[in-house]
Structure formats: structure tokens, C-alpha cells
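Novice: Whatever this is, show me its structure:
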Amino acid sequence: MKQSIITAFLGQTRDRFSEYHQPTELEQRLQTVQQIPGVTGVEVVFPYETGGAAAECKAMVQAAGLEFAAINANIKKEPQFVPGALSRPNADIRKQAVQIIKNAKDFALEVGAPLVSCCPLSDGWDNLFQVDYPKAWRNMADALAEAADYRAEEMPLFVEYKINETRVNCQLDSCAKTILMLKDVGVPQMGVTVDFGHSLLAKENPAQVLALCEQTDTDYYLHTNDNDHYFDWDLVAGSRNFLHTVEFFFWAKEFGYNKYFTADASPRIFDMVDFFTEHAAMKTAIWNMVEQLDRDKYRKLMAEERYSDLMKLVRQEIYKL
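Specialist: Purely as a prediction, here's the structure:
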């Protein structure tokens, strides 16, 4: 299991009421990652953490003994993107957002990252009768097509979905809708960034989401965390939804997933190093436990519809009860 962390969470974060931790620069964040056993990769936010200096950023990551899991193209921070970016009626705003993704792909190639991930959180609506739905979909599909097609053979683009935040309704609010968008876009070098917590919020089963990606020949990249199904709390993996996490890893292992498992988690009131150390340790422990399971036996019982026998296995082999 390859583990990484979104480095933006290793600095100051804030919500509507409070600020958490002190501001840090990327080099300090990489030093924090070095203190967390089992973590060898980072997902860096472009352009806000990198300053656009690819050579310097690459050197810092290499000097820390780490590698890039992904480059995160942020198209929601600038004031013009707050009400949306890729789906907006204003062509100039869409063009600016597409250019950020293109620049992120250039940056990823320079630093040697394997993929670019983008989460268009601000694209959506708050009120009914706010958005022309067919035009918004078309605008987003065309914008993603232009961004994905840029240097497509060299750098894939992954799109992350979320049911809400910052909009009450995000345009891409489920895995199925995101896959449909990718099919509409039609650029093969694309995939879905599956965030475990976002999947829970969308009332999905995260393990089934992996199967959906596999069955539709959709590539995917995984973010790990946990929540209470009501808000994107970005808690330690497995701390709230243990069995969901076990099943998620079970199928990731079955499907031969070999990209990074990236912690999209926020320490807030917790000590930063302790929080991410426990996050990494929990994932490693669950991953190793899944490795010990006789997965062929589980799948055989599924095929035979022996539900009670499966529940007994879960109790004895997973819960250890």
C-alpha cells in the first residue's frame, strides 16, 4: 500500500468559526510528512502551494525522500471562480479555469507526478432556477474536454466529485454522474478521484463505487478519510465506518489498485503529526488484515448467496468477535 497526504492540510485551515494550526510553507509541510511512518508520497495543490516553481518544488520533494502522488489543480479559490468555474455561462471564466488545469498538467510533467486531480467544488447551484442545467452540463463537458485533451498522452486528468460544498448542489455529485460526464467528454486519459468520505455523503457504498469504475472501464485514484455521513469531517480513516473501510480496501486489493491512497483528512483540533500517524497506521493495519483474508472464499460465498456464513466470517475474521 502506497500512502500519501494532501499537503495543504499540513498548514493552517479554517472553517466559518475558527482557524486551526499555524500557517506553513511547503518545505515545512514536507518536513511534517517525513515524521509520519509509512507515508512516502504527497499531493500538492497547484498553484497555491507550489508558487509555480516546478524545479524548486521537485527538488524539495526529492530532498525529503518523497514522491508525488498527484498534483491537485485548484479552480475554486480565485474570486471569479467562487460561484463556479467550468460550468459558468461566461466563456472567459471557463477559459481561465481550463488554463489552470493545463498549467497544472505542465507542472506535473515537470516534477514527475503521475496524474492531475481536479475537484470542481464551486460548480453547481444554491437556489432553484439559478442554473440553466443543460447549458451548465455542456459548458463543463466542453471545458473538461479541452483540459483533458491537453497533453493527454503524457498526463491524465482525474475529476473528483462531491455532493455539496461549496455549492448546495455540486454539478458532479456522484460517481455515476462523474462517469457519465467522462463518457460525454470522451477523452480516454481521464479518471475519477474517489474520495471515501465524499462517497459516504453521496449515500454511496464506496466499495461498490470501485466496482462501478471497474465495470465501466473508468480509471480511478483514491482519497481516504471518514465522516458521519452528514458532513465532510475528513476524520481518520476507519474511525467511524470501519467495516465500510475494510470492504473498500478488500475490493481495491481485488481490483489490483496500485496508485497512492492519499489522505484527504483535516487534523483541526488534533496534533498534526499524531493525527496523520494514526491515519496511516489505521490504513496499514486494515490493509494488512485484508491481505490475510481468503478473498476467494468470500467471493465464493457471495456467489452461493450464503449470507449468514459471510456475516459469520465478518464477525470472526474482521471484527475478531
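
Novice: The nearest residue to residue 224 once chain neighbours are set aside: neighbour count?
Specialist: Closest residue to residue 224 apart from its sequence neighbours, by C-beta to C-beta, 6 or more residues apart in numbering: residue 237 at 4.5 Å. In this view, the C-beta of every residue, glycine as well, is placed from N, C-alpha and C. By other C-beta atoms under 10 Å, 28 other residues sit near residue 237.

Novice: Which strand or helix spans residue 237?
Specialist: Under the criterion DSSP states H and E, no helix or strand holds residue 237.

Novice: which regions of the stretch 101-250 of the chain sit below the pLDDT cut-off?
Specialist: For the stretch 101-250 of the chain, applying pLDDT under 70 flags no range at all.

Novice: And the strands in it, which stretches?
Specialist: According to DSSP state E, counting those that start in this stretch, the stretch 101-250 of the chain carries its strands in the segments 116-118, 124-125, 157-160, 169-170, 190-195, 219-224.

Novice: Of all the ones you listed, which one comes closest to residue 262?
Specialist: In terms of C-beta to C-beta, the element of the strands of the stretch 101-250 of the chain nearest to residue 262 is strand 219-224, at 5.3 Å.

Novice: Name the residues that touch that closest one?
Specialist: Outside strand 219-224, the residues within contact range by C-beta atoms under 8 Å, 6 or more residues apart in numbering are 6, 70, 115, 117, 156, 158, 160, 190-198, 210, 213, 237, 245, 252, 257, 259-265, 279, 283.

Novice: For PyMOL, write the select line for the buried members of these.
Specialist: To isolate the buried subset of those in PyMOL, counting by 16 or more other C-beta atoms under 10 Å, use the following:
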select buried, resi 6+70+115+117+156+158+160+190+191+192+193+194+195+196+197+198+210+213+237+245+252+257+259+260+261+262+263+264+265+279+283
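
Novice: mind putting the strands of the stretch 101-250 of the chain in JSON lines, distance to residue 288 included?
Specialist: Formatted as JSON lines, these follow (distance: least, C-beta to C-beta, whole Å):
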{"stretch": "strand 116-118", "distance to residue 288": "27"}
{"stretch": "strand 124-125", "distance to residue 288": "39"}
{"stretch": "strand 157-160", "distance to residue 288": "27"}
{"stretch": "strand 169-170", "distance to residue 288": "35"}
{"stretch": "strand 190-195", "distance to residue 288": "22"}
{"stretch": "strand 219-224", "distance to residue 288": "15"}
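
Novice: Could you count how many residues lie near residue 256?
Specialist: 7.

Novice: Report the secondary structure state of residue 89.
Specialist: coil (DSSP: H, G, I helix; E, B strand; the rest coil).

Novice: what sits against it?
Specialist: 132, 135, 139.

Novice: 10 Å instead?
Specialist: Residues in contact with residue 89, defined by C-beta atoms under 10 Å, 6 or more residues apart in numbering, are 131-132, 135-136, 139.

Novice: do the same with residue 53
Specialist: Residue 53 makes contact with 47, 59-60, 107, 110-111 under the criterion C-beta under 10 Å, 6+ apart.

Novice: can you check residue 135 too?
Specialist: 87-89.

Novice: quick one: residue 274 is in a helix?
Specialist: Yes. Looking at residue 274 with three-state DSSP, it is inside a helix.

Novice: residues in contact with it?
Specialist: Taking C-beta under 10 Å, 6+ apart, one finds 35-36, 267 in contact with residue 274.

Novice: For those, pick the one with the most neighbours.
Specialist: Neighbour max across the contacts of residue 274 (other C-beta under 10 Å) = residue 36, 22 neighbours.

Novice: gap between stretch 169-180 and the chain center?
Specialist: 14 Å (C-alpha atoms, centre = their mean, to the nearest Å).

Novice: Same question for stretch 49-58.
Specialist: For stretch 49-58, the distance to the chain centre is 21 Å (C-alpha atoms, centre = their mean).

Novice: and that stretch, how far apart are its ends?
Specialist: 12 Å (C-alpha to C-alpha, to the nearest Å).

Novice: In that stretch, which residues are buried?
Specialist: Per 16+ other C-beta under 10 Å, stretch 49-58 contains these buried residues: 49-50, 54, 57-58.
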